[in-house]
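Chemist: Let me see the structure of the following:
(chains A and B)
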There are 2 protein chains.
Amino acid sequence: MLIVAERINATRKSVRQALEEKKADFFIQEAKKQEEAGAHFIDVNAGANPEREAEDLPWIVEVIQDKVSIPLCLDSANHEAISEALRIYKKDEVMINSFTAEEERMEAILPLAAEYGASVVGLAMGEGGITESAKDRMKLVEKLVVGVEKYNIPREKLLVDPLVVPVGTDQTQGKVFLETLANIKRDYPEVKTICGLSNVSFGLPNRRLINRAFMALCVGYGLEAVILDPTDLKLVAILLASEVLMGRDEFCINYLAAYRRGALEV
Amino acid sequence: MLIVAERINATRKSVRQALEEKKADFFIQEAKKQEEAGAHFIDVNAGANPEREAEDLPWIVEVIQDKVSIPLCLDSANHEAISEALRIYKKDEVMINSFTAEEERMEAILPLAAEYGASVVGLAMGEGGITESAKDRMKLVEKLVVGVEKYNIPREKLLVDPLVVPVGTDQTQGKVFLETLANIKRDYPEVKTICGLSNVSFGLPNRRLINRAFMALCVGYGLEAVILDPTDLKLVAILLASEVLMGRDEFCINYLAAYRRGALEV
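Modeler: Numbering: from 1, shown residues only, chains lettered A, B, ... in the order given. Okay, the predicted model is just below:
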């Protein structure tokens, strides 16, 4: 499983504050901590103040990029912020998070992804927002695939997020999500799938429990990348256990390594 | 999910000892505790001493059957023990655990299941033991289905256990099991599926973690009945969360009820 580490996100109060005070050390520590916990990409979201995002995002990138050996995932709805961040970005590999099936978003983001050879997260969401059925969700996935091809981005660089909807309000949505995962693998084997987990448990008690069960189910239905907090050891533990069970951890190497370093929290 | 409570099993030392000393109270408490924890059937396994099993099994049944309102699951490889237990059993509903795809086992168990209108657990295992591939496993499932029909037992009374093999020694076996679950639902929609969980983690560290992830995956692939310890709150919690996520808990009624009585351990 490809882990995109989510802690540097300006919707979190501590991050917003550190950004306002330009506390470089805070971001360096957060980045290092997540790399040590096993992340493969560090997501960077500087969307606290829309007017400053095109300066804030490059600033965080500048501050942390030399301090970790893993690549960054530039997370913004503002293509100017992403463009400015890419301009000063030095590593070979990069991920852009995200575009949608809306024409305007595709035209803004996909040329950048093509120019910089970036991996790019596409949300299965169109002009009409999030659709309810797995079938309608697949129509949006098709738009995303057609979109990247239009800009000559190989399908392998596309990570589709089928979009997680809270199950507390609609109990069919967990299955819709998981079926969409399976359908994407069936129809577009080169395309990868990605998601964040926590939205699924919105409105329910013991959210972490729901998130953990959902982690296992996502592995069971073939999810390849996940946006999560890699320092949440219990969540990572259930991920590692699920990968063993689905035959995705040959000789249980990752599971046993986590056990040996005392990171397998139950 | 139908929960078959597994604690009264003579392979456990405390149970074996209580059986030798004919401690009726021990069995009554174990039975009540499991009913209170939400079990739907109480499994009774008296197989400590093969020569005494045909007396021991009916003795436990006699001791506990009036003390709980839920039915029992008679668990033995000895058809005489099952026959004796059925003779003194008073409740309407009963489950027999188990028969296999071997002719001899079918001839011994299925007439009893037919006579008493019992549900019956069939193990996907034949003369050659457990098969490795999902395809071969399905041939054994077919034998089980043909077997119950031969004795005019309705398919709805059959619970197939696809058999869990430790993933520590063969990392393909988790997927083989889960695919077999899905295939059974596809080919025999009336037949139910059942399994025990703990065998899957044999030989690996932090077995409970693997068991919990496996619980979620089994719900994800449609398992309908499970043999577990219902007093293991963390295991039941992940089961309840998974049922919410798979749309198997309308309005999250079971999940929220467990939360309210403080039983949702994380």
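
Chemist: Which stretches in chain A count as strands?
Modeler: A:2-5, A:41-45, A:72-75, A:94-100, A:119-123, A:158-161, A:192-196, A:225-228 (DSSP state E).

Chemist: okay, these in CSV with mean pLDDT and distance to chain B next?
Modeler: The C-beta positions use only the backbone N, C-alpha and C, and glycine is treated the same way. Formatted as CSV, the strands of chain A follow (pLDDT from 0 to 100; distance: least, C-beta to the nearest C-beta, whole Å):
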stretch, mean pLDDT, distance to chain B
strand A:2-5, 98, 17
strand A:41-45, 98, 24
strand A:72-75, 98, 26
strand A:94-100, 97, 23
strand A:119-123, 98, 20
strand A:158-161, 98, 17
strand A:192-196, 97, 13
strand A:225-228, 98, 15
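
Chemist: Residues of the stretch 101-250 of chain A that sit close to chain B?
Modeler: A:167-168, A:171-172, A:174-175, A:178, A:200, A:204-206, A:208-210, A:212-214, A:216-217, A:219-221, A:234, A:237-238, A:241-242, A:244-247, A:249-250 (C-beta under 8 Å from any C-beta of the partner chain).

Chemist: For PyMOL, write a command that selects the buried ones of these.
Modeler: Entered in PyMOL, the line below selects the buried ones among those, by 16 or more other C-beta atoms under 10 Å in any protein chain shown:
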select buried, chain A and resi 167+168+171+174+175+178+200+204+206+209+210+212+213+214+216+217+219+220+221+234+237+238+241+242+244+245+246+249
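
Chemist: circling back: tell me which of the strands of chain A sits most buried.
Modeler: strand A:72-75 (a mean of 28; mean count of other C-beta atoms under 10 Å in any protein chain shown).

Chemist: which secondary structure elements does that one contact?
Modeler: strand A:41-45, helix A:53-64, helix A:79-88, strand A:94-100 (3 or more C-beta pairs under 8 Å, 6 or more residues apart in numbering or on different chains; DSSP states H and E).

Chemist: Find the closest residue to chain B in the stretch 51-200 of chain A.
Modeler: Closest contact between the stretch 51-200 of chain A and chain B, by C-beta to the nearest C-beta, is at A:Gly174 (3.8 Å).

Chemist: before we move on, back to that, A:Lys13: which of the helices and strands packed on strand A:72-75 is closest?
Modeler: Closest to A:Lys13 of these is strand A:41-45 (C-beta to C-beta; 13.4 Å).

Chemist: who does the residue nearest the centre of chain A bridge with?
Modeler: Central residue of chain A (C-alpha atoms, centre = their mean): A:Ile227, 3.8 Å from the mean position. Beta bridges link A:Ile227 to A:Val4, A:Gly196, judged by DSSP bridges.

Chemist: wait, doesn't it sit right on A:Glu6?
Modeler: Yes - assessed by C-beta atoms under 8 Å, A:Ile227 is found in contact with A:Glu6 at 5.0 Å.

Chemist: Please enumerate the shared neighbours of the two.
Modeler: A:Asp43, A:Gly196 (C-beta atoms under 8 Å, 6 or more residues apart in numbering or on different chains).

Chemist: Pull the contacting residues for A:Ala225.
Modeler: Applying C-beta under 8 Å, 6+ apart, the residues near A:Ala225 are A:Met1, A:Leu2, A:Ile3, A:Val4, A:Leu159, A:Lys192, A:Thr193, A:Ile194.

Chemist: if we go to 6 Å?
Modeler: Contacts for A:Ala225 (C-beta atoms under 6 Å, 6 or more residues apart in numbering or on different chains) come out as A:Leu2, A:Leu159, A:Lys192, A:Ile194.

Chemist: Spatially nearest residue to the first one, not counting backbone neighbours?
Modeler: The shortest distance from A:Leu2 to any residue that is not its chain neighbour, by C-beta to C-beta, 6 or more residues apart in numbering or on different chains, is 3.8 Å, and that residue is A:Ala225.

Chemist: Now do the one you found against A:Ile3, distance only.
Modeler: Going from A:Ala225 to A:Ile3 by C-beta to C-beta, to the nearest Å gives 8 Å.

Chemist: Could you give the number of residues near A:Tyr255?
Modeler: Look at A:Tyr255: counted by other C-beta atoms under 10 Å in any protein chain shown, it has 26 neighbours.

Chemist: Now do the contacts for it.
Modeler: Per C-beta under 6 Å, 6+ apart, neighbours of A:Tyr255: A:Leu240, A:Val244, A:Asp249.

Chemist: Please apply the same query to A:Leu245.
Modeler: B:Val167, B:Gly174, B:Ala213, B:Phe214, B:Leu217 are the contacts of A:Leu245 under C-beta under 6 Å, 6+ apart.

Chemist: Please report how far it lies from A:Leu239.
Modeler: The value you get for A:Leu245 to A:Leu239, if C-beta to C-beta is used, is 11 Å.

Chemist: check contacts around A:Glu265.
Modeler: With C-beta under 6 Å, 6+ apart, A:Glu265 has these contacts: A:Leu233, A:Lys234, A:Ala237.

Chemist: so what's it closest to, chain neighbours aside?
Modeler: Closest residue to A:Glu265 apart from its sequence neighbours, by C-beta to C-beta, 6+ apart: A:Leu233 at 4.0 Å.

Chemist: likewise A:Lys139?
Modeler: A:Thr131 (7.7 Å).

Chemist: Quick check: pLDDT value at that neighbour.
Modeler: Listed pLDDT for A:Thr131 reads 77.

Chemist: For A:Gln34, which residues are in contact?
Modeler: Neighbours of A:Gln34 in contact, by C-beta under 6 Å, 6+ apart: A:Ala5, A:Arg7, A:Ile42, A:Pro230.

Chemist: Of those, which pair is most distant in space?
Modeler: A:Ile42 and A:Pro230 (9.7 Å).

Chemist: intersection of neighbour lists for those two?
Modeler: A:Ala5, A:Gln34.

Chemist: Was I right to think A:Ala31 contacts A:Ile64?
Modeler: Yes - contact criterion C-beta atoms under 6 Å: A:Ala31 and A:Ile64 qualify, at 4.2 Å.

Chemist: The two: which has the busier surroundings?
Modeler: Neighbours per residue (other C-beta under 10 Å) separate A:Ala31 from A:Ile64, with A:Ala31 holding more: 24 against 21.

Chemist: got the contact list for that one?
Modeler: So A:Ala31 contacts A:Ile42, A:Ile64, A:Lys67, A:Val68 (C-beta under 6 Å, 6+ apart).

Chemist: If we ignore the residues flanking it in sequence, what's nearest the third one?
Modeler: So the one you mean is A:Lys67. A:Lys67 sits nearest to A:Ile28 (C-beta to C-beta, 6+ apart), 4.8 Å away.

Chemist: Give the burial count for that neighbour, as a bare number.
Modeler: By other C-beta under 10 Å, the residues close to A:Ile28 number 15.

Chemist: On the pLDDT front, check it for me.
Modeler: 98.

Chemist: Can you tell me how far it is from A:Pro71?
Modeler: 16 Å.

Chemist: Equivalent analysis for A:Gln17, please.
Modeler: On the measure of C-beta to C-beta, A:Gln17 and A:Pro71 end up 26 Å apart.

Chemist: Pick out whichever of the two has more residues nearby.
Modeler: Taking neighbours as other C-beta under 10 Å, A:Gln17 and A:Pro71 compare with A:Pro71 leading, 18 against 13.

Chemist: For A:Tyr151, find the nearest of the helices and strands packed on strand A:72-75.
Modeler: Of the helices and strands packed on strand A:72-75, nearest to A:Tyr151 by C-beta to C-beta is strand A:94-100, at 10.4 Å.

Chemist: what's the span of stretch A:113-126, first residue to last?
Modeler: Start-to-end span of stretch A:113-126 (C-alpha to C-alpha, to the nearest Å) is 19 Å.

Chemist: ok, now stretch A:17-32?
Modeler: Stretch A:17-32: ends 19 Å apart by C-alpha to C-alpha.
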